[in-house]
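>>> Let's see this in three dimensions:
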Amino acid sequence: MRFAMQSMLDRVESRLLEHLERIGDLGSHPRPEQLRLAAGLLAELRPLDERRRAEVTVFLDFDVAARTSPAFGDLSRRVAEGTRRLVRRVLDRLDASVALGPGIDLHIETERLAALLDGLGLSAVLHPEILSPRACNDVLLTHLGELSTPVEPGSPHRPQHPCAASLRLILLSGPSANGSDHCQDLEIS
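The predicted structure follows:
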């Protein structure tokens with residue numbers, strides 16, 4: 001089981017390194033693109049397609065086994081630490097490119113984002129009919145957008161939910177006829 005887990009970790013690491021190569025210098029991209037690229041990198045750890053769903057499922061099963069088998073504890077801890085290192089590197093790169101808001105506590109935000117990724121992974125594996133890949137991406141991008149440096153009101157670069165044009169209550173009404181989530185919104189007056 002350890003060998004299988006280590007092999008999977010090696011594949012995920014290789015995919016992450018390839019993704020980083022494609023991104024290049026994060027600071028050379030416009031701020032909205034930086035957030036999208038960062039979300040795309042972190043999405044490699046979420047069950048957004050069959051391959052990644054299988055990986056996250058194995059990670060979760062391995063973590064459960066590690067709770068009762070000391071033989072797996074060290075590898076489980078390395079995965080958790082590796083996720084946090086990746087999240088911290090992403091946040092550090094966003095911070096260095098002035099994409100994060102002032103006064104952000106990077107230690108706290110690393111833990112918040114790691115917890116968000118863990119929760120999205122668990123929920124998407126256990127309840128894929130409730131938490132779609134698109135919703136996972138929207139939650140991740142929205143979270144990163146909330147950490148970003150404020151942009152002037154009315155700027156086309158202001159990060160926001162794709163269905164939000166003003167202050168609205170967003171309701172996910174489930175899949176539309178084409179299978180994608182459908183957003184309904186109600187204006188709040």
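>>> would you say Ile104 is within a helix?
No. With DSSP: H, G, I helix; E, B strand; the rest coil as the criterion, Ile104 is located in coil rather than a helix.
>>> Enumerate every residue touching it.
Ile104 is in contact with 91, 95, 147, counting by CB atoms under 8 Å, 6 or more residues apart in numbering. All C-beta atoms are positioned from the backbone trio N, CA, C, and that covers glycine.
>>> give me that answer again for 7 Å
95, 147 (CB atoms under 7 Å, 6 or more residues apart in numbering).
>>> go on, Arg112?
For Arg112, no contacting residues are found, by CB under 7 Å, 6+ apart.
>>> quick one: it from Asp25, how far?
Taking CB to CB, to the nearest Å as the measure, Arg112 falls 26 Å from Asp25.
>>> With Gly119 instead?
Distance, Gly119 to Asp25, using CB to CB: 31 Å.
>>> likewise Arg89?
Taking CB to CB as the measure, Arg89 falls 14 Å from Asp25.
>>> Buried residues, stretch 10-20. List them.
Residues of stretch 10-20 classed as buried by neighbour count (16 or more other CB atoms under 10 Å): 12, 15-16, 20.
>>> Show me the shaky parts of this protein.
Along the chain, the parts satisfying pLDDT under 70 run over 150-189.
>>> following the longest helix along the chain, which helix or strand comes up?
Secondary structure of the chain read by DSSP state H shows that its longest helix is helix 70-96. For helix 70-96, the succeeding helix or strand toward the C-terminus, using DSSP states H and E, is helix 106-126.
>>> quick check, distance from that next one to the centre of its chain.
Per CA atoms, centre = their mean, to the nearest Å, the displacement of helix 106-126 from the mean C-alpha position of its chain is 7 Å.
>>> With stretch 72-88 instead?
Going by CA atoms, centre = their mean, the spacing between the C-alpha centre of stretch 72-88 and its chain's C-alpha centre is 16 Å.
>>> Now that stretch: buried residues?
Burial within stretch 72-88, assessed by neighbour count using 16+ other CB under 10 Å, is assigned to 72, 75-76, 79, 83-84, 86-88.
>>> can you dump the C-alpha coordinates of stretch 82-95 into CSV?
As requested, the backbone C-alpha atoms of stretch 82-95 are provided in CSV (Å, rounded to 0.1, in the frame of the first residue of the first chain):
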residue,chain,number,x,y,z
GLY,A,82,3.5,18.9,1.3
THR,A,83,0.0,20.3,0.7
ARG,A,84,0.7,23.1,3.1
ARG,A,85,4.1,23.8,1.6
LEU,A,86,2.4,24.0,-1.9
VAL,A,87,-0.3,26.3,-0.6
ARG,A,88,2.3,28.5,1.2
ARG,A,89,4.4,28.8,-2.0
VAL,A,90,1.3,29.8,-4.0
LEU,A,91,0.4,32.4,-1.4
ASP,A,92,4.0,33.6,-1.2
ARG,A,93,4.1,34.0,-5.0
LEU,A,94,0.8,35.9,-5.0
ASP,A,95,2.0,38.1,-2.2
